[in-house]
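S.K.: One predicted model, sequence on top.
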Amino acid sequence: MAMLVAVGFLFVDLSGRVPSAWFKSLTWLQLIPSLLQFSQTLQHGLAVTAYGFVVILLLTLVFGRVYCSYLCPLGAFKDLLSWFSASVRSWRNKRLRFRFAPPQTKLRYSILLVVCFSLGSGSLFLVSLLDPYSNFGRFFSDLFRPLYMLCNNGLSRLLEAFGSYALYPVTVAKTNPWALVFPAAMLAVVVWLAVQRGRLYCNTVCPVGTLLGLISKASLYKIRFNATACNRCGNCVFVCKAQCIDVKNKEVDFSRCVGCGNCLKACDKSGIRYSLARKTKRPEELETTQTPAVAPQALAGHSPAADISKRRFVWGGALCMAAFGRLSAAEDSKKGSSRTAVLASHVATPPGSLALEHFMGSCTACHLCVSACPSGVLKPSFLEYGFWGMLLPFMDFGTSFCNYECTRCTEVCPNGAILPLSVEKKRLTQIGIVRFEKENCVVVTEGTSCGACSEHCPTKAVSMVPYEGELTLPETNPDICIGCGACEHACPVTPYKAIVVDGLLRHQEAQKPKEEELEEKPLEAFPF
């Protein structure tokens, strides 16, 4: 539960004062983000947090799938739901009892192969939809955080009525409702499965669980039956949320076991234990009673040869698909990636994401950057990047703008999708280019003076020049524009802005503004 509380706090924190080091220390032991950051480390520099997946694999090889119970925040969240459901049933004098369920082997391995194919082809769409950490992040960032903010504002108004100002109200950012459909639907599925079937999602749908389940078959320590002490009472089965204990045949499907230890606590006869795995059973552990006649046929599907052949099939298929996907991705990049060119229209990716192609190939839409963004310019997308970029964060300049000296999103990203930037580097990173639509400007249409875009531009890429009489009209200098969106956000024209920022396919380095241009409005006087 400590991981659930700690990681959950990162997504709902309203103060914005949590040190950036906390984000890295709490997210580096998440498998998918660590793997993705490792791939970025090989290209852009060394990061200690990129090796978290190595720690997870070593833990799995020694102790089994302990990651799923102790390090995965979504797994802890499901355990909390199961505990709450059990408490409610107990209050109603109904016990929550699990039963052994046969493994859905074909389904879970098929999902893993499809995800590997998607990952190998350069698309993270399926990975982002099924990754447990990313789903947890979307639950807390997109659904729980706004609810928490509304409760905070309500309590703040209540305290103000009594003369107390201990809490301050916060602005709840507007988000496209369609971007919340998938997180809400996924949350409903996770809640229902956790309440009714425990860890069914982890052992059937989750690709991380399936992958670690394959590795856990070779773990040093395993949960096993003590055949002479077990009397088949079934207490261990009733509390096994993974539904992987077959008490009839005295077997544990350790590929589905999440190492929660519930079965060990439930058994008062030491009939099941967690110990060093051995290839052969000791004589005292041999079954003293006759097993049913169907046992040989039932055990035939679990022979070592069958397991080895299954593992070879899964890993071989995954590697072949990944290799084929990489070749396809390489061919697409040679052809110019026309799909990416279409998606870039008027959409800017966060500073530090280098390019749209890099961002879509590294981001799993955990929305940690969305929660950490102090200005609220980062929003979950719907179709702004196209279907394959659904849920990825985008810069919504219609509701806010990117602070000139803020590098918060570059500090918290666990995937390497947004690389670290210094403040000096961020000031010259061009994520988009300003474009002036003269026919929409109120100076032209209404004959009234304005200049809001120029007043809010931190680099003075937008300046005012004489137009008619005493009126002035905006003039743009794309060379020094960094695409922060301050001008677009400040423009009072609706619904079509007179000045907009078009996102770049690949980020560029803007020219440094001349000192005399910045002297007109020093940085300290900027509203942000």
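M.R.: Alright, I've got the coordinates. Numbers count the residues shown, from 1 in each chain.
S.K.: quick check, residue 465 in a strand?
M.R.: Yes - if the criterion is DSSP: H, G, I helix; E, B strand; the rest coil, then residue 465 is within a strand.
S.K.: okay, and for the stretch 301-450 of the chain, where does confidence drop off?
M.R.: Residue ranges of the stretch 301-450 of the chain with pLDDT under 70: 301-346.
S.K.: Walking through it, point out its strands one by one.
M.R.: Remark: strands assigned in the stretch 301-450 of the chain by DSSP state E, counting those that start in this stretch are 378-380, 393-395, 429-436.
S.K.: Could you find the closest non-adjacent residue to residue 440?
M.R.: Distances taken as C-beta to C-beta, 6 or more residues apart in numbering place residue 498 nearest to residue 440, at 4.0 Å, with adjacent residues excluded. In this view, the C-beta of every residue, glycine as well, is placed from N, C-alpha and C.
S.K.: contacting residues around that neighbour?
M.R.: Counting by C-beta atoms under 8 Å, 6 or more residues apart in numbering, residue 498 makes contact with 436, 437, 438, 440, 441, 442, 453, 474, 491.
S.K.: make it 10 Å
M.R.: Contacts for residue 498 (C-beta atoms under 10 Å, 6 or more residues apart in numbering) come out as 435-445, 450, 452-453, 473-474, 487-488, 491-492.
S.K.: With respect to burial, which of the strands of the stretch 301-450 of the chain scores highest?
M.R.: Of the strands of the stretch 301-450 of the chain, the one with the most neighbours on average (mean count of other C-beta atoms under 10 Å) is strand 393-395, at a mean of 26.
S.K.: just to revisit the earlier point, so which of the strands of the stretch 301-450 of the chain is nearest residue 415?
M.R.: Smallest distance to residue 415 across those (C-beta to C-beta): 11.4 Å, for strand 393-395.
S.K.: Check what pLDDT residue 131 gets.
M.R.: Looking at residue 131, its pLDDT is 94.
S.K.: Looks like it contacts residue 391 (just checking).
M.R.: No - with contact defined as C-beta atoms under 10 Å, residue 131 does not reach residue 391; the gap is 11.3 Å.
S.K.: These two: which is more packed in?
M.R.: More neighbours surround residue 131 than the other of residue 131 and residue 391, with 27 against 23 (other C-beta atoms under 10 Å).
S.K.: residues contacting the more buried one?
M.R.: By C-beta under 10 Å, 6+ apart, the residues touching residue 131 are 30-33, 36, 74, 115, 124, 137-138, 206-208, 364-366, 415.
S.K.: how far away is it from residue 246?
M.R.: For residue 131, the distance to residue 246 (C-beta to C-beta, to the nearest Å) stands at 30 Å.
S.K.: likewise residue 179?
M.R.: The spacing between residue 179 and residue 246, counted by C-beta to C-beta, is 43 Å.
S.K.: The two: who's more crowded?
M.R.: More crowded of residue 179 and residue 246, by other C-beta under 10 Å: residue 179, with 21 against 16.
S.K.: for the more buried one, helix, strand, or coil?
M.R.: Residue 179 falls in the helix class when you classify it by three-state DSSP.
S.K.: Count the neighbours of the residue nearest to residue 213 when sequence neighbours are not counted for me.
M.R.: Excluding its sequence neighbours, the residue lying closest to residue 213 (C-beta to C-beta, 6+ apart) is residue 255, at 3.7 Å. Counted by other C-beta under 10 Å, the residues lying close to residue 255 total 23.
S.K.: Enumerate every residue touching residue 255.
M.R.: Going by C-beta under 10 Å, 6+ apart, residue 255 touches 64-65, 103, 105, 108, 203, 209-210, 212-217, 219, 242, 244, 307.
S.K.: Could you do residue 444 as well?
M.R.: 437, 438, 467, 468, 471, 473, 498.
S.K.: cool, residue 399 as well?
M.R.: 173, 174, 175, 375, 376, 377, 379, 485, 489.
S.K.: which of the residues you listed are buried?
M.R.: Buried residues within the contacts of residue 399, defined by neighbour count using 16 or more other C-beta atoms under 10 Å: 173, 175, 375, 376, 377, 379, 485, 489.
S.K.: I'd like to know which of those residues are part of helices.
M.R.: The helices, defined by DSSP state H, take in residue 489 from these.
S.K.: The most far-flung residue of the chain relative to its centre: which element?
M.R.: In the chain, counting by C-alpha atoms, centre = their mean, residue 469 sits farthest out from the average C-alpha position, at 54.4 Å. Following DSSP states H and E, there is no helix or strand that holds residue 469.
S.K.: before we move on, back to that, got any residues that touch both of residue 131 and residue 391?
M.R.: 138, 364, 365, 366.
S.K.: Could you list which of those residues belong to helices?
M.R.: Assignment to helices by DSSP H places the following of the shared contacts of residue 131 and residue 391 there: residue 138.
S.K.: Next, report how far the helix or strand containing residue 454 is displaced from the centre of its chain.
M.R.: Element membership of residue 454 [criterion: DSSP H and E] is helix 452-456. Here helix 452-456 is found 36 Å from its chain centre; the criterion is C-alpha atoms, centre = their mean, to the nearest Å.
S.K.: right, and residue 240 touches residue 260 too?
M.R.: Yes - counting by C-beta under 10 Å, residue 240 touches residue 260, with 8.3 Å between them.
S.K.: So between those two, which is more surrounded?
M.R.: Just comparing residue 240 and residue 260: by other C-beta under 10 Å the higher neighbour count belongs to residue 240, 28 against 23.
S.K.: Between the two ends of stretch 133-146, what distance do you get?
M.R.: From its first residue to its last, stretch 133-146 covers 19 Å (C-alpha to C-alpha, to the nearest Å).
S.K.: Centre of the chain to it, how far?
M.R.: When C-alpha coordinates are averaged (C-alpha atoms, centre = their mean), stretch 133-146 and its chain have centres 9 Å apart.
S.K.: buried stuff in that stretch?
M.R.: By 16+ other C-beta under 10 Å, the buried positions in stretch 133-146 come out as 133, 134, 135, 136, 137, 138, 139, 140, 141, 142, 145, 146.
S.K.: Torsion angles phi and psi at the third one?
M.R.: Spelled out, it's residue 135. Here is the backbone geometry of residue 135 (degrees, to the nearest 10): phi -60, psi -40.
S.K.: So for it, what's the pLDDT?
M.R.: For residue 135, the predicted pLDDT is 96.
S.K.: residues in contact with it?
M.R.: By C-beta under 10 Å, 6+ apart, the residues touching residue 135 are 73-74, 77, 128-129, 182-183, 186-187, 189-190, 201, 206, 364-366.
S.K.: Equivalent analysis for the second one, please.
M.R.: The contact partners of residue 134, by C-beta under 10 Å, 6+ apart, come to 30, 32-33, 74, 124, 127-128, 363-368, 391, 414-415.
S.K.: Which of these ranks first by neighbour count?
M.R.: residue 30 (33 neighbours).
S.K.: Next one: the closest residue to that residue other than its chain neighbours from residue 53, what distance?
M.R.: Nearest non-adjacent residue to residue 30, counting by C-beta to C-beta, 6+ apart: residue 133, 4.3 Å away. Per C-beta to C-beta, residue 133 is found 12 Å from residue 53.
S.K.: Could you pull out the residues contacting both of the two?
M.R.: Contact criterion C-beta under 10 Å, 6+ apart; residues shared by residue 133 and residue 53: 29, 30, 31, 32, 33, 34.
S.K.: what about the third one, neighbour count?
M.R.: Spelled out, it's residue 31. Using other C-beta under 10 Å, residue 31 is surrounded by 24 other residues.
S.K.: State the distance from it to residue 273.
M.R.: Distance of residue 31 to residue 273, computed by C-beta to C-beta: 28 Å.
S.K.: pretty sure residue 177 contacts residue 183?
M.R.: No - the pair residue 177 / residue 183 is not scored as a contact, 11.2 Å apart, by C-beta under 10 Å.
S.K.: more neighbours, the two?
M.R.: The residue with more neighbours, out of residue 177 and residue 183, is residue 183; 21 against 9, by other C-beta under 10 Å.
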